[in-house]
Structures are given as C-alpha cells and as structure tokens.
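[1] Fold the following for me, if possible:
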Amino acid sequence: MGLVRSLNLRGLALLGAMAFCIALPGLAAPGGPANAGATLEERKMPMRFSWVACEPNCGGWISAVGIVTADSPRDFDEFAQGRDLGGATIVLDSSGGSVNDSITLGRRWRSLGLLTTVGINVQTRTAKGGRASIDPEAYCESMCVYLLLSGKTRYVPEAAHVRVHQIWMGDRADDAKAASYTAQDMMIVERDIGRLAKYTFDMGGAGDLLSLSLNVPPWEDLHELSHEELRLTNLVTTDAVAEVLPKLDVAIVPVAELAPKPVQDRFVGNAGDAAINPQAVKSTRTAEAAAPTGGIVATPAK
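    The predicted model follows:
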C-alpha cells in the first residue's frame, strides 16, 4: 500500500531463475528474451503503461509496470487517448505506491470495465520474428493489490506473489518503532484508511482484505496471500486465464531462462528522494505515508 506525493521508493521485485509464460500457440519456440534484463530496472521507476501486441491471434493487453505516483492517473489518461480500451486486460507488475493516486487509477480502470491479472511481459525473438508472452512469476504488492481489485474480472496465476501490509508514514518506515508521530500524522493515516476502505467495498472486495493488510506492521515481512485468501478477499473472481485473455488459445509452456532478480524494498515517502536498498531474497519490508498535504503511500518490506 502506499502514500505518495513525491516518489521515494524501495520495492520488492523477485523473479525466479526459471520462468513459465502464457504463450501464443502456433509460433516458433522462443529464442533469447529481448527485454528480460530490463524488467527489474523498469520496476524501480514510476509506473509506465504500454500496449503489448501479440500477433497473429491475439488482441493484446495493457502492461502496467512500476510504482504508482501522483503522475500515474494523468499518464494513464494520456496513454488511453485515441485507444478503445473498454474490456481490455491490464497485466500488473508493481510493488505499490501512492494510496490516493492508486484509488484514482483503480476507479478509472473500473469505469472502463478493464480486466486485471499479474505477470511480467516477455518479448522473445524467434526465427519468425518477435513474440510477446507473459511470465506469471511476478509480484503485485501493497497498493498494486488494490489496483488488481479494480478489475471487472480478476485472475491471479499460481506462480504470482500477491502481498499486503499496513500503510505507514514513508519517511519513518526504516525505524517505525523509534520514530515520533504527531496528531496530524495520525489524522492523515486514518483518513486514508477510510478512503481505502470505501474503495475496497466499492470494488467488490471483502473486509478480510483490509484486515489482512492492516495486521502487518512495517517492521514485519509482507504477508503473501494464499489461494484461499485470494478467494476470501474477493481479489480473484476466476481461475480461468481465458477469462482475462479471451482472444488467446492459451497454453502454459516453459520459456528461456531468466536471470534471478534481487529482492528490493520499495518505499514512497514525503520528500523527493528515492532510495533503493537490495534485500536478501527471503526478506521484505513495508511502509508508507504522506506529508500533511498529501496522501498515504504503501511500501513493501520483506
């Protein structure tokens, strides 16, 4: 989850050494990934939107990679100009960001009737040219989980990691117990929790999602939702990938090996400084918050 006025991030993004992808049938076996190495760097940046075309028998999907910032709603509107996105699928790869801007973005996606899932876009080269596919071993953390919730239909691959935590003051997440807080700080947090609760119910989510999220303080590991919890919280509405990628006769097949990616802790804070701290693969941390004039940001921690 997260509060954001300015971008300050430390995010968690972990990829396994072996990836599996939703691949287009009828194409040659994949060659080396064309952009696998760029995935981690993109995840450190503010959220970017792009249209992924998958010829010849697929209509494509929207890729949303990175941290939600105050600019993200405007960036999406600019991306959407001139495109008929009604009913399209958004593939998420994100460790969260601004609470209020994620809510704005999620409401925009629901108004368009978009579908949501989690994955990493993979471009591969074959003897017949390029191919787009989706590696399901991706992370959707913090406020990304609430973006996932905005989908009219929502699918989470078994290999994906969907993780939650509390919102917190981002500039004090490193040592949350030792930090001091004002009444104004508490007012901001409680206000944004209220906004998040209303959004959750408006999107059809269950109170269990808020309960699971708000039980994880910034000094503990993020909580990864189990298959049962994904259902309990109403984050998942289908177990059939064809319901979010209906134009694909999809098949899960192994793709070229991707280099392991280091886990990172993503933070959005009050100031404008961005820090990236590599963490051990097993460890992740969370935190988020905003200045008196801003909204709250959610941060993951492992």
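
[2] In this protein, what residue spans correspond to helices?
    39-43, 72-80, 99-111, 143-149, 183-202, 207-214, 227-232 (DSSP state H).

[3] residues of the fifth one that come out buried?
    Residues 185, 188, 189, 192, 193, 196, 199, 200 are the ones in helix 183-202 that count as buried (16 or more other Cβ atoms under 10 Å). From N, CA and C alone the C-beta is placed, and that goes for glycine too.

[4] Those residues: which two are farthest apart?
    By the measure Cβ to Cβ, 185 and 200 form the most distant pair in these, at 22.6 Å.

[5] Give the burial count for residue 53, as a bare number.
    11 (other Cβ atoms under 10 Å).

[6] That one and residue 132 touch, don't they?
    Yes. Contact criterion Cβ atoms under 8 Å: residue 53 and residue 132 qualify, at 6.6 Å.

[7] which neighbours do the two share?
    residue 60 (Cβ atoms under 8 Å, 6 or more residues apart in numbering).

[8] Let me see the contact set for residue 239.
    Residue 239 neighbours (Cβ under 8 Å, 6+ apart): residue 155.

[9] ok, so what distance separates it from residue 79?
    29 Å (Cβ to Cβ, to the nearest Å).

[10] beta partners for the nearest residue to residue 68 once chain neighbours are set aside?
    In space, residue 68 comes closest to residue 97 once its chain neighbours are excluded; the distance is 3.0 Å by Cβ to Cβ, 6 or more residues apart in numbering. Residue 97 has these beta-bridge partners by DSSP bridges: residue 68, residue 298.

[11] which regions of the stretch 51-200 of the chain sit below the pLDDT cut-off?
    For the stretch 51-200 of the chain, residues meeting the criterion pLDDT under 70 lie at 54-58, 125-130.

[12] one more time with 90, if that's ok
    Across the stretch 51-200 of the chain, the ranges flagged by pLDDT under 90 are 52-60, 95-98, 120-137, 167-179.

[13] can you count the residues close to the closest residue to residue 222 other than its chain neighbours?
    Of all residues not flanking residue 222 in the chain, residue 163 sits nearest, at 4.0 Å (Cβ to Cβ, 6+ apart). Using other Cβ under 10 Å, residue 163 has 25 other residues around it.

[14] Next one: residue 163 from residue 52, what distance?
    Counting by Cβ to Cβ - residue 163 and residue 52 are separated by 24 Å.

[15] returning to what we had before: pick the most buried one from the helices of the chain.
    Among these, helix 143-149 has the highest mean neighbour count (mean count of other Cβ atoms under 10 Å), at a mean of 30.

[16] packing partners for that one?
    Helices and strands touching helix 143-149, as assessed by 3 or more Cβ pairs under 8 Å, 6 or more residues apart in numbering; DSSP states H and E, comprise strand 89-93, strand 97-98, helix 99-111, strand 115-118, strand 161-164, helix 183-202, helix 207-214.

[17] now the ones you listed in a markdown table, with distance to residue 61?
    Shown next, in a markdown table, are the helices and strands packed on helix 143-149 (distance: least, Cβ to Cβ, whole Å):
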| stretch | distance to residue 61 |
| --- | --- |
| strand 89-93 | 4 |
| strand 97-98 | 21 |
| helix 99-111 | 13 |
| strand 115-118 | 8 |
| strand 161-164 | 18 |
| helix 183-202 | 24 |
| helix 207-214 | 24 |
